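Student: Fold the following for me, if possible:
(chains A, B, C and D)
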2 protein chains.
Amino acid sequence: MDIAHRTTDQQKPAEQRRRELLEAADRVVLRDGPKASMNAIAAEAGITKPILYRHFGDKGGLYRALATRHTDALLASLRAALDAPADRRRRVESTLDTYLASIEAMPQVYRFLMHPAEESHQSEQGFDVGRHSAPLLRRMGEELGQVIAERVDLGPAAEAQARIWGHGIVGMMHAAGDWWLGERPCSRAELVRSLADLLWGRLAEAEDRPGGPGF
Amino acid sequence: MDIAHRTTDQQKPAEQRRRELLEAADRVVLRDGPKASMNAIAAEAGITKPILYRHFGDKGGLYRALATRHTDALLASLRAALDAPADRRRRVESTLDTYLASIEAMPQVYRFLMHPAEESHQSEQGFDVGRHSAPLLRRMGEELGQVIAERVDLGPAAEAQARIWGHGIVGMMHAAGDWWLGERPCSRAELVRSLADLLWGRLAEAEDRPGGPGF
DNA sequence: AGCAGTACGTTACTTGCGGTAACACCAGTC
DNA sequence: GACTGGTGTTACCGCAAGTAACGTACTGCT
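Tutor: Numbering: from 1, shown residues only, chains lettered A, B, ... in the order given. This next block holds a predicted model:
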C-alpha cells in the first residue's frame, strides 16, 4: 500500500551508490586533474557513462558535487580555527595557518576547487562574472564576513564593511597562498606572520624609504 | 620592383596580419567568453582555422597573446596610479580605484583574463598549482611587491615581506572586486574606502562586539 | 501467476571542438 | 618554365560530452 516504502534493498544502494561514484570520481580527478574524462571516471567506478549522467546530470553536476564535499570539509576546519577562544590576532593567525596547511597537504584538491574548469553554463547572453571564479572563495568570503560582523564592533555600516573585509581577507589569503605554494619563498609560519602583520596595519605604519625613486 | 611595394589588396606585413587576427579574436572572445571556438574566431576574421594555427601554434598560444595585450594595458594604468606623487593612502586608494574602474568598464575582458579556461599544459604527472590561476594576478603581485620594497622601509627581511604583501594585497583587491562586480553591494568609492581601511589596520583596532555569540 | 513501474546497466550513436594533412593559388626569382 | 615561400582552402582524425534505444532485475499490485 505504501508507495514510498522502498525496503532497504533499493533505497540504500541509491545513496550509497552515489557515494561510491563520487569517491571514484575523486580518485580520478585527483590523479588526472580537472580534465579527467567522464569515461575515465566511469571506468574507475566500474560502470559506464550514462549512469554517471543519470546521477549527476552533466559533468558540471558531478564536479559541483565533488567540490561541495571538499569545500564543506575545508570550511569546517576553518570555522573551528575561527571560533577558537583566543584573542583576535591569535584567531587570525590560526585561521590563516589552517588554510595554508590544508592547501599544502592536498594541492591537487586545492587546484581542483579553485579551477572548476569552466562550468560553461552559458546563462543567456550576459557575462555574469560572478560564480565562475570558484564558489569556494565566495563561500569563504561570506562566512568570514559573517564572523567579523558578529564578533567585531564596526560602528555604522558594519554589515557592508564586514562583508567587504571578509571577501578581501579571503582573497588575500588565497592569492598569497597560491603564490606561496608555487614558489615556496618562505616557511608557512613566516607567511602567516607577514599576512597578519599586513592586516594589522603595518603597511600604514611603516616609514617611507629614504631616497625614494626620483623623488 | 621594390620588394616593399606590394599591391594593396594582398600581402600585408604579416605583423599587421597578426594584429588583425588578434582583434578579431578579441571581439569573439569578448562576445562568447573563454569558450569561443577557433572556428568562430577564424570566421570572425574572415579566414579559416589552419591560418590561426600557423600564427599562434595552438589555442593556448592565441589566448596567451590576447591576455598579454590586455594585461600589459591594465598593468600600465595601475603603474601610473601607483607612482603618482601623493601620500601612501592616496596612492593605495587611487590604485584600487583604477583597478576596480577597469574591471567595471570591461567585465568581459576581466573575466577572460582571470579565466584562461584551462591551458591544459599537462606538464608531466605533477600538479604544479602555480600559473593556472591567471598569470595576471601573479604579475600584479610581483609588481606591487617591487613597488612596496622600493618605497617603503620595512627593516630586515624587507624583500620577502614586500613580496608577500604584494601578492596578498593584489589578492584582496581581486577577490573583493570580483565579488563586488557580481553583487554590487555598494558604490565603488565605498569599496575602495573599506579596503583601504582594512589595509590601514582598522580590523586590529576595532573593539570586540559586546555580547558575543554564546560567550 | 502475470503485469506495470522503476532503477540499474549496457552498446552505439550524434555533435562539436582542437588540431593536422594535403592540396591549391599567387607572387617574385633563377 | 621550374622553384620557393607566402597566402588560403577542404577534408579529415581523434577525442570527449552528452543522448537514445534497448535490455534486465527487482518491486508491489491485481
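
Student: which ones are touching the residue nearest the centre of chain A?
Tutor: Nearest to the mean C-alpha position of chain A, by C-alpha atoms, centre = their mean, lies A:Leu136 at 3.3 Å. Neighbouring residues of A:Leu136 by C-beta atoms under 8 Å, 6 or more residues apart in numbering or on different chains: A:67, A:71, A:74, A:113-114. Where you see a C-beta, it was placed from the backbone N, CA and C, and this is true even at glycine.

Student: Try it again at 7 Å.
Tutor: Residues counted as contacts of A:Leu136 (C-beta atoms under 7 Å, 6 or more residues apart in numbering or on different chains) are A:71, A:113-114.

Student: what's the offset of the helix or strand bottoming out on mean pLDDT in chain A from the middle of its chain?
Tutor: Among the helices and strands of chain A, helix A:8-32 carries the lowest confidence by mean pLDDT, DSSP states H and E, at a mean of 79. Centroid separation for helix A:8-32 versus its chain: 22 Å, with C-alpha atoms, centre = their mean, to the nearest Å.

Student: May I have the secondary structure class of A:Cys186?
Tutor: Secondary structure assignment for A:Cys186 (DSSP: H, G, I helix; E, B strand; the rest coil): coil.

Student: now it: how far from B:Glu159?
Tutor: 10 Å (C-beta to C-beta, to the nearest Å).

Student: can you list the domain ranges for chain A.
Tutor: A:13-57, A:67-120+A:130-205 (automatic domain parsing).

Student: any idea which helix or strand comes after the helix or strand harbouring A:Leu144?
Tutor: Here A:Leu144 sits within helix A:135-151, counting by DSSP states H and E. Going down the chain from helix A:135-151, the next helix or strand is strand A:152-153, by DSSP H and E.

Student: Quick one: low-confidence residue ranges for chain A.
Tutor: Within chain A, the ranges that satisfy pLDDT under 70 run A:1-14, A:115-134, A:211-215.

Student: Show me the helices in it, by range?
Tutor: Using DSSP state H, the helices found in chain A span residues A:8-32, A:38-45, A:49-56, A:59-82, A:88-105, A:107-114, A:135-151, A:158-183, A:188-199, A:202-205.

Student: sorry, back to before: out of the domains of chain A, the one nearest B:Arg89 is which?
Tutor: Smallest distance to B:Arg89 across the domains of chain A (C-beta to C-beta): 7.4 Å, for domain A:67-120+A:130-205.

Student: so how far is stretch A:63-79 off the chain centroid?
Tutor: 7 Å.

Student: Number of residues surrounding A:Asn39?
Tutor: Neighbour count of A:Asn39, defined by other C-beta atoms under 10 Å in any protein chain shown: 12.
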